[in-house]
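S.K.: based on what follows, work out the 3D shape:
(one chain, ligands or ions: 1)
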Amino acid sequence: MLNSRLEKAIIEQIKAEEESSRLYLSMASWCEVNGYAGAAAFLFMHATEEREHSLKLLSYVNDRGGHARLMALEEPTAEFNSLQDVFEKVLEHELLVTSLINKLVEISMEEKDFNTLNFLQWYVTEQIEEESLARSIIDKFRLTEGEKGGLFHIDKELASMAAAEAAAIIKI
Ligand code: OFO
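M.R.: Just a heads-up that it's a prediction; the model follows:
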């Protein structure tokens, strides 16, 4: 059985994951209206993944005898300066989520809840992957130095990444 301190902390993480999903949805929408169809596809996909992260936490709370009550969400940012700015904000956000996951791990250790500690390992690994993915995309922008043709190629690459991810999901 989940104790109330951990239940509250995981419910806050559900909120953070839902907000991640909505932030990426908002970014995808900005990309779509600014002509970056590949980046939009990539971010729509990413938004879906974040929603899955929140659902996984919700099931965990309920499976452990808690009640995952949902919290009110913040309105996501809708305006960005450039496509590079979008991905710099993705990395910034992922770093924030990593710190929240680390905090949750810390609470699980303090509460000696080893099931939760074990469950959270998936999120710890996921954050490493997501930070690294965001960094690798930002590196591409640095290489193109804002040059128009470079942006076109990055957008095409993001479209292929989204398509590969979608194909992997269909296979599962
Ligand atoms: Fe939920 O994985 Fe990133 O934020």
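S.K.: isn't E94 right up against E129?
M.R.: No. E94 is beyond contact range of E129, at 9.7 Å (criterion: C-beta atoms under 8 Å). To be clear about C-beta, it is placed using only N, CA and C from the backbone, and glycine gets the same treatment.
S.K.: more neighbours: which of those two?
M.R.: Between E94 and E129, counting by other C-beta atoms under 10 Å, E94 is the more crowded of the two (21 against 10).
S.K.: what sits against the more buried one?
M.R.: For E94, the contact set (C-beta atoms under 8 Å, 6 or more residues apart in numbering) comprises 127, 130-131, 134.
S.K.: surely E7 meets N62?
M.R.: No. E7 lies out of contact with N62 (C-beta under 8 Å); the separation is 10.1 Å.
S.K.: neighbour count winner among these two?
M.R.: More neighbours surround E7 than the other of E7 and N62, with 19 against 12 (other C-beta under 10 Å).
S.K.: where in the protein is pLDDT low?
M.R.: Along the chain, segments meeting pLDDT under 70 span 146, 171-172.
S.K.: where exactly do the strands run in it?
M.R.: Per DSSP state E, the chain carries no strands over any range.
S.K.: get me the contact residues on it for the ligand.
M.R.: Counting by C-beta under 6 Å from any ligand atom, the residues of the chain lying close to the ligand are 17, 20, 50, 53, 94, 97, 126, 130.
S.K.: and with 8 Å instead?
M.R.: 16-17, 20, 49-50, 53-54, 93-94, 97-98, 123, 126-127, 130 (C-beta under 8 Å from any ligand atom).
S.K.: go through these and say which is closest to W30.
M.R.: Using C-beta to C-beta, H93 is the member of those that sits closest to W30, with 14.3 Å.
S.K.: list the contacts of the closest one.
M.R.: Going by C-beta under 8 Å, 6+ apart, H93 touches 20, 23.
S.K.: and for Y123?
M.R.: By C-beta under 8 Å, 6+ apart, the residues touching Y123 are 53, 101, 104.
S.K.: go with 7 Å
M.R.: Neighbouring residues of Y123 by C-beta atoms under 7 Å, 6 or more residues apart in numbering: I101.
S.K.: Q13 and A164: what is the separation?
M.R.: Distance, Q13 to A164, using C-beta to C-beta, to the nearest Å: 28 Å.
S.K.: neighbour count winner among the two?
M.R.: More crowded of Q13 and A164, by other C-beta under 10 Å: Q13, with 22 against 11.
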